[in-house]
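Engineer: kindly return the folded structure for what I paste below:
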Amino acid sequence: MKSSASFTLSLLSIVLLCFLCGCNRESSEISVDNTCQIVINPQFFAVEAFKEGFAAVKIGDSLSFKQGFVDLQGKMPIAPKFDDVHEFSEGLAAVKIGDETDGKYGFIDKSGKMVIRPQFFFVGDFLEGLALMRDGDAFTGKYGFIDKRGQAVVIPKFDAEHGFKEGLAAMRVGDAISGKWGFIDNKGTYVITPQFDLVGDFSEGLAPMRMGSEKYGKWGLLTNRVILLSLYNSIMLNLLKMAWQSFGSVIETVENGELSINREQWSSTRNLMINVDFQRDLPA
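Structural biologist: Numbers count the residues shown, from 1 in each chain. Purely as a prediction, here's the structure:
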C-alpha cells in the first residue's frame with residue numbers, strides 16, 4: 001500500500017514538473033493563455049504585460065530596437081517605430097521619438113494616432129485625467145501636469161512630483177536633500193504645504209510621510225481629511241499638552257502619542273505646528 005502511494009505521488013510530481021517546464025520556454029518572449037497554450041508566437045526581443053488590451057513589444061536587439069504594441073490576438077495595430085513607450089493608461093500611451101539626449105515624449109491613442117505631439121523631456125502615465133510632465137532635463141527641468149489635450153493645467157514649477165492618486169499629487173519644492181514634500185490638487189493649489197522630508201502616494205485614503213532624516217526621522221500617515229502624526233516618543237507629553245491648549249480648535253485628538261489635526265481649520269497655524277514645534281523635537 002505504501003509502495004503504491006509513493007509511486008502515485010512520484011508520477012504526479014513528474015507530470016507537474018513536465019507541465020511547468022513546458023510553460024517555461026526560454027528561447028524568446030512569448031505570450032501564453034491560462035491553459036499554457038501559445039497564442040502569440042515567439043518573434044519579439046521583449047514583451048511587456050498587457051494593459052487595456054495592448055502589450056508593448058520590442059523589435060531588434062539590445063543595441064538597436066524600436067517599440068510598438070500588439071493586441072490580444074497577436075496583431076500589431078501600432079507598428080514598432082518608437083524609441084520608448086509606456087503602457088496604455090486611460091486610453092493613451094506615452095511614446096518617445098528620438099534618443100536619450102534629444103528625444104521627446106508625446107501620446108498616442110489606441111489607433112496609433114499621435115494625439116499629443118512629442119514635446120516633453122519626461123512624462124508619466126495619465127492618472128485621473130492628468131499626466132505628469134517635465135519641461136527640461138533631469139537637472140534643471142520643472143514638473144507640472146497636462147490634460148488629454150496636451151495643455152498644461154498645472155504649470156511646471158516643482159522639483160519633483162508623483163502622479164495623481166485619489167485627487168492629490170505629491171510634489172517636492174527644493175532639492176532631493178533639503179527639499180520638502182507636500183500635496184496639490186488638480187488645479188495646482190496647495191492642499192498640504194511642503195513640509196515633509198518624504199511622502200508616498202495616497203491609497204485607500206492614506207499616504208505615508210516622514211518627518212526628519214532618513215536615519216532618525218519618524219513615519220506617520222496623512223489622510224484626506226485629517227493629518228495623523230505618529231510621533232511616538234520623540235515629542236514629550238508636556239509638548240502635546242501645550243499643543244492641545246494652544247491649538248485646540250485645530251487638533252481633534254491627542255492620544256497615545258498621535259495628533260489628529262483637522263485640515264480644514266489648519267490654516268495659518270500649520271507651519272508653526274509641524275515645521276517648528278514638532279520637527280525640532282525629532283532626534284537630530
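
Engineer: can you show me the helices along the stretch 51-200 of the chain?
Structural biologist: Shown for the stretch 51-200 of the chain, no helices are assigned by DSSP state H, counting those that start in this stretch.

Engineer: so what's the closest residue to Val153 other than its chain neighbours up against?
Structural biologist: Using C-beta to C-beta, 6 or more residues apart in numbering and skipping residues adjacent in sequence, the residue nearest Val153 is Asp147, 5.1 Å away. (Glycine included, C-beta is placed from N, CA and C.) Neighbouring residues of Asp147 by C-beta atoms under 8 Å, 6 or more residues apart in numbering: 129-130, 153.

Engineer: and stretch 170-181, C-alpha only, in CSV?
Structural biologist: What follows is stretch 170-181, C-alpha atoms only, in CSV (Å, rounded to 0.1, in the frame of the first residue of the first chain):
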residue,chain,number,x,y,z
ALA,A,170,2.7,64.6,-4.1
MET,A,171,5.2,67.3,-5.0
ARG,A,172,8.6,68.5,-3.8
VAL,A,173,10.0,72.0,-3.6
GLY,A,174,13.7,72.1,-3.3
ASP,A,175,16.5,69.6,-4.0
ALA,A,176,16.5,65.9,-3.0
ILE,A,177,18.4,66.6,0.2
SER,A,178,16.8,69.6,1.7
GLY,A,179,13.6,70.0,-0.2
LYS,A,180,10.2,69.4,1.3
TRP,A,181,7.2,67.4,0.1
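
Engineer: tell me how many other residues surround the spatially closest residue to His86 that is not a sequence neighbour.
Structural biologist: Nearest residue to His86, sequence neighbours excluded (C-beta to C-beta, 6+ apart): Ala94, at 4.0 Å. If you count neighbours by other C-beta atoms under 10 Å, Ala94 ends up with 25.

Engineer: hmm, Ala94 is touching Val85, no?
Structural biologist: Yes. Here Ala94 reaches Val85: they are 6.9 Å apart, a contact under C-beta atoms under 8 Å.

Engineer: next step: the contacts of Asp147 restricted to strands.
Structural biologist: Judged by DSSP state E, those include 130, 153 as members of strands.

Engineer: which of the contacts of Asp147 lies closest to Tyr143?
Structural biologist: Leu130 (11.9 Å; C-beta to C-beta).

Engineer: gap between that closest one and Phe164?
Structural biologist: 6 Å (C-beta to C-beta, to the nearest Å).

Engineer: okay, and the common contacts of the two?
Structural biologist: Joint contacts of Leu130 and Phe164 (C-beta under 8 Å, 6+ apart) are 145, 186.

Engineer: the two: which has the busier surroundings?
Structural biologist: When neighbours are counted by other C-beta under 10 Å, Leu130 and Phe164 differ, and Phe164 comes out ahead with 25 against 20.
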